[in-house]
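> structure for the following, please:
(2 chains)
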There are 2 protein chains.
Amino acid sequence: MKSGIIGYYSTRFGELWERSLFDLVEESIRELLKDSKVDISRVDAIFFGNMLGGIIENNLHASAKLAEILGIHIPIFHTEAACASGGMAFHLAHNYVQSGKGKTVLVVGAEKMNDSSPEQITQALMSAASGEEQECGLTFPGLYALMAREYLSKYHYTKKHLAAVSVKNHLHALNNPTAQFQREITEEMVLQSPLVADPLGLLDSSPITDGAASVLISSDQALLKKGKSATILSSEIATDSISLMRRKSITGIEATQIAAQKAFKEARLTPADIQVAELHDCFTIAELMAMEDIGFWKRGEAGKRAGEYETLFSNGGNLIVNTSGGLKAAGHPVGATGIKQIGELYLQLTGQAKKRQIKKVRHGLAQNVGGSGGTAVVTILGI
Amino acid sequence: MKSGIIGYYSTRFGELWERSLFDLVEESIRELLKDSKVDISRVDAIFFGNMLGGIIENNLHASAKLAEILGIHIPIFHTEAACASGGMAFHLAHNYVQSGKGKTVLVVGAEKMNDSSPEQITQALMSAASGEEQECGLTFPGLYALMAREYLSKYHYTKKHLAAVSVKNHLHALNNPTAQFQREITEEMVLQSPLVADPLGLLDSSPITDGAASVLISSDQALLKKGKSATILSSEIATDSISLMRRKSITGIEATQIAAQKAFKEARLTPADIQVAELHDCFTIAELMAMEDIGFWKRGEAGKRAGEYETLFSNGGNLIVNTSGGLKAAGHPVGATGIKQIGELYLQLTGQAKKRQIKKVRHGLAQNVGGSGGTAVVTILGI
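Sure, this is the predicted structure:
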């Protein structure tokens, strides 16, 4: 069944001290429906991606909270897959429409992270890792630092090659009005930023962010024709061992590789067909690995090619990556990230990306990762 | 697409001090696959219902944990809807098969509750209620006590009418080897049990339970023919305001009413067609309301008819309720409950319920409730 995305709304991403989790969720839903000119009565179901509401604020059972806020009785589903919670919600919403169970389905992802202390949020985020990784004192910067060290060592790159990812994504965020950071940085600033977990510095790391993002999926031909829509060509999920020590390799994420292969096959496309991608750059190393895992670049090439800023908007290459600013500069409100990525592709594919609009864009790809790579969701949209 | 349940396994329900959450999950999956003679390689996806892993043990990202335990890379989805987490997982798994995305899908629900102190678990369970209900000091027994007081007052019943539900379900559990309690009780014992929240006593309340339960859904005709299968006629979800004070009525659960109406319509059946039901008796009052909400009994009749033990197995009526022992006597490991209910129907419909086997059973109904009624899942199976 042909279905498409017919609308997208994102709140501001940032330190939103005066807003609660459900303030943000409500804003993103109401504004999306208003922008899309779709009444709530036409929505058949809602999928909600959120990771930390339970741990941080003893806040579960979002289905009923949303029913109360919106005054509705429709099916509402909460899904969780750590930082891939949003991508998973989108994937299930897409299947829900494909099954014919609903015609028009809303997907919302959100996270409220700044109300916790740094120690609390660091510990809460480790709920995405294995018990043994939690108990030995690892943190997420630590886990990605292990991958980064191995990658740099294996392919003879330096921190400078990582830094280029951050510089590029900060440049992109300058043109995204909802991004957390709208500030240009230099490679030198990344290299001199305080070390979080060697070789990753503060400016290699995505921030702690509050925010919510929503998209509307529909198979209703009238709605698809009414406004601007992007077609969902494929959405695939794969999983892997939660513990880094139980993976085949730590210089790539096998779950991304599997999900991407399946997504390209389903969409009948190859990496060369993609002009815009939103990749899960929770740390700079993650974008390098993703470029290789998805097959945009060959194994071991990413350090060099990232260092040459091939995927920077202003360089006008065949593939631009993270026009939103990525997780690094747009911010990473965990549950919202997977939805924001897909929303960014929607804006690009429908010509609504304004200052950051890529010309001649036909296909976009989003990659959303849970934890250190135990879950990956790859989604391909077309026009 | 015709799909059915081809297998069910439940661990023992109870205080399982020596077992972890994922010990129980693993047992239920491995034993189900062994019993069903289905290799893990034939499973296309897993849906996992769990409420409290994040809050109680900082344990999220179950997709990757399960991938590691089982050595697989398939899509694995974690869903949460408070005490309806299992029913929601089943509902989404059923849609997944209906969408054609997977042919054979495993659904597992689990909860590990006894490792927390009574205070911790009471607070964690309140994550299923609204912020205002949490802040004013309500507990779940308190919320259901408000409903019970209103029901008893409105229809002129007494605590004795509530007690009959508990006595019946304890009698049923005597014949369920995985039930937490295998002990006959009397109405007098229920009435004299310590008050938890007036009018509900300890023996009106479901216990704190550890356990896991799994079912296997398939649309693979070869698998459906190979073993004993029950057909999924419908599975419907509805939601309502999370706060009791924002509901139209508190002597019934509107989400159950809506989900049941939709489920009967989809299955082209009426309440009179059901011979066996598993209802969400977290407290005795909940079973009375469910009998009326689903339409088995008329509004206001439930107290009287429950008091006459119409739905007790040994009375051989047209409809037997909670042959498993219900949440009250079989136990209520939150995420597992919705799966156990459906599994019990599967056993009844395929003639595998042994000592508690109902004769001439054609259709079964399960009702799984989240929180105080903010979410309800109603599933109808046939043979």
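> show the model's pLDDT score for A:Gly227.
The pLDDT attached to A:Gly227 in the predicted structure is 89.
> quick check: it vs A:Ala164, distance?
Counting by Cβ to Cβ, to the nearest Å, the separation of A:Gly227 from A:Ala164 is 37 Å. C-beta here means a position set from N, CA and C on the backbone, and glycine is covered the same way.
> higher neighbour count, these two?
For the pair A:Gly227 and A:Ala164, the greater number of neighbours falls to A:Ala164 (23 against 16), based on other Cβ atoms under 10 Å in any protein chain shown.
> which residues touch A:His280?
Under the criterion of Cβ atoms under 8 Å, 6 or more residues apart in numbering or on different chains, the contact partners of A:His280 comprise A:Cys83, A:Ala286, A:Glu287, A:Ala290, A:Leu327, A:Thr337, A:Gln341, A:Gln367, A:Asn368, A:Val369.
> tabulate these (JSON lines), appending pLDDT.
Supplementary listing: the contacts of A:His280 in JSON lines, determined by pLDDT from 0 to 100:
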{"residue": "A:Cys83", "pLDDT": "98"}
{"residue": "A:Ala286", "pLDDT": "98"}
{"residue": "A:Glu287", "pLDDT": "98"}
{"residue": "A:Ala290", "pLDDT": "98"}
{"residue": "A:Leu327", "pLDDT": "98"}
{"residue": "A:Thr337", "pLDDT": "98"}
{"residue": "A:Gln341", "pLDDT": "98"}
{"residue": "A:Gln367", "pLDDT": "98"}
{"residue": "A:Asn368", "pLDDT": "98"}
{"residue": "A:Val369", "pLDDT": "98"}
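> so of those residues, which ones are in strands?
Of the positions in the contacts of A:His280, A:Gln367, A:Asn368, A:Val369 sit in strands, assigned by DSSP state E.
> so for the one helix or strand A:Ser235 maps to, mean pLDDT?
Take DSSP states H and E as the rule and A:Ser235 turns out to sit in strand A:230-239. Strand A:230-239 shows a mean pLDDT of 98 in the predicted model.
> just stretch A:88-97 next, same as before
So the average pLDDT for stretch A:88-97 ends up being 97.
> same question for stretch A:135-154.
97.
> buried residues in it, which are they?
Judged by neighbour count using 16 or more other Cβ atoms under 10 Å in any protein chain shown, the buried positions of stretch A:135-154 are A:138-149, A:151-152.
> also stretch A:208-222?
Of the residues in stretch A:208-222, those buried under the neighbour-count criterion (16+ other Cβ under 10 Å) are A:208-220.
> show me those that map onto strands.
When strands are assigned by DSSP E, the members of these inside them are A:Gly211, A:Ala212, A:Ala213, A:Ser214, A:Val215, A:Leu216, A:Ile217, A:Ser218.
> I'd like those laid out as JSON lines, including distance to B:Val43.
As requested, those are arranged in JSON lines below (distance: Cβ to Cβ, whole Å):
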{"residue": "A:Gly211", "distance to B:Val43": "35"}
{"residue": "A:Ala212", "distance to B:Val43": "34"}
{"residue": "A:Ala213", "distance to B:Val43": "32"}
{"residue": "A:Ser214", "distance to B:Val43": "32"}
{"residue": "A:Val215", "distance to B:Val43": "30"}
{"residue": "A:Leu216", "distance to B:Val43": "32"}
{"residue": "A:Ile217", "distance to B:Val43": "27"}
{"residue": "A:Ser218", "distance to B:Val43": "31"}
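> return the member of those residues nearest to chain B.
Checking these against chain B by Cβ to the nearest Cβ gives A:Ile217 as the nearest, at 13.1 Å.
> element containing A:Gly7, please.
strand A:4-10.
> please identify the buried residues of the very next helix or strand once past that strand?
Taking DSSP H and E as the definition, the helix or strand that follows strand A:4-10 towards the C-terminus is helix A:21-36. Neighbour-count burial for helix A:21-36, with 16+ other Cβ under 10 Å as criterion, is recorded at A:21-29, A:31-33, A:36.
> quick one, helices of the stretch 101-250 of chain A?
With DSSP state H, counting those that start in this stretch applied, the stretch 101-250 of chain A shows helices at A:118-125, A:131-135, A:140-155, A:159-173, A:187-192, A:221-226, listed in chain order.
> out of those, which is closest to B:Arg362?
Proximity to B:Arg362 (Cβ to Cβ) singles out helix A:221-226 among those, at 39.4 Å.
> so which residues lie in contact with the closest one, not counting its own?
A:Lys2, A:Ser3, A:Gly4, A:Ile6, A:Lys37, A:Val38, A:Arg42, A:Thr104, A:Ser218.
> 6 Å - rerun?
A:Gly4, A:Ile6 (Cβ atoms under 6 Å, 6 or more residues apart in numbering or on different chains).
> before we move on, what about stretch A:170-179?
Residues from elsewhere that reach stretch A:170-179, judged by Cβ under 6 Å, 6+ apart: A:10, A:12-13, A:181-182, A:185, A:313, A:322-325, A:329-330, A:355-356.
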